[in-house]
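1. 3D, please:
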Amino acid sequence: MFNTYILVGGVATAFHYATLLAMVEVVHFAPTFATMIGAVVGAIVAYAGNRRFTFPESMQSHQVALPRFLLLAALGSLMNGAIIWLGSDIGGLHYFLSQILATGLTLFVTFKLNRIWTFR
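-> The predicted structure is shown next:
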């Protein structure tokens, strides 16, 4: 289950990172703002993939699971943005290195919460 979560998360993260890179490098948005938007894009991809592949046995209706997932995605996005801010704006790290750190930390938190609450 965790391996599937990682795979789905990898696809969602690719969408997140592509959005982040495009918004920073092409549109010239601030990295903190761009990563939060990228996280929303990734969250949409992640919900669809996790619902279908990671937690197919879930008995939760979409009316219950989707709002819970979106709440956790929003909290994960805030966590992600805070880590980017701390890493790049305060700590002086390149924004993409901060993003990699943020991804690793939020991965474990969101898996656990989605497994025990969203898709139980």
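2. Helices of this protein, residue ranges please.
-> 2-21, 31-49, 62-84, 95-113 (DSSP state H).
3. out of the ones you listed, deepest packed?
-> Using mean count of other Cβ atoms under 10 Å, the stretch among the helices of the chain with the greatest mean number of neighbours is helix 31-49 (a mean of 20). The C-beta positions use only the backbone N, C-alpha and C, and glycine is treated the same way.
4. What is the distance between that one and the centre of its chain?
-> Between the centre of helix 31-49 and the centre of its chain there are 6 Å (Cα atoms, centre = their mean, to the nearest Å).
5. So which residue is dead centre in this protein?
-> The residue lying closest to the centre of the chain (Cα atoms, centre = their mean) is residue 39, at 4.8 Å.
6. Chain neighbours aside, what residue packs nearest to that one?
-> residue 77 (3.9 Å; Cβ to Cβ, 6 or more residues apart in numbering).
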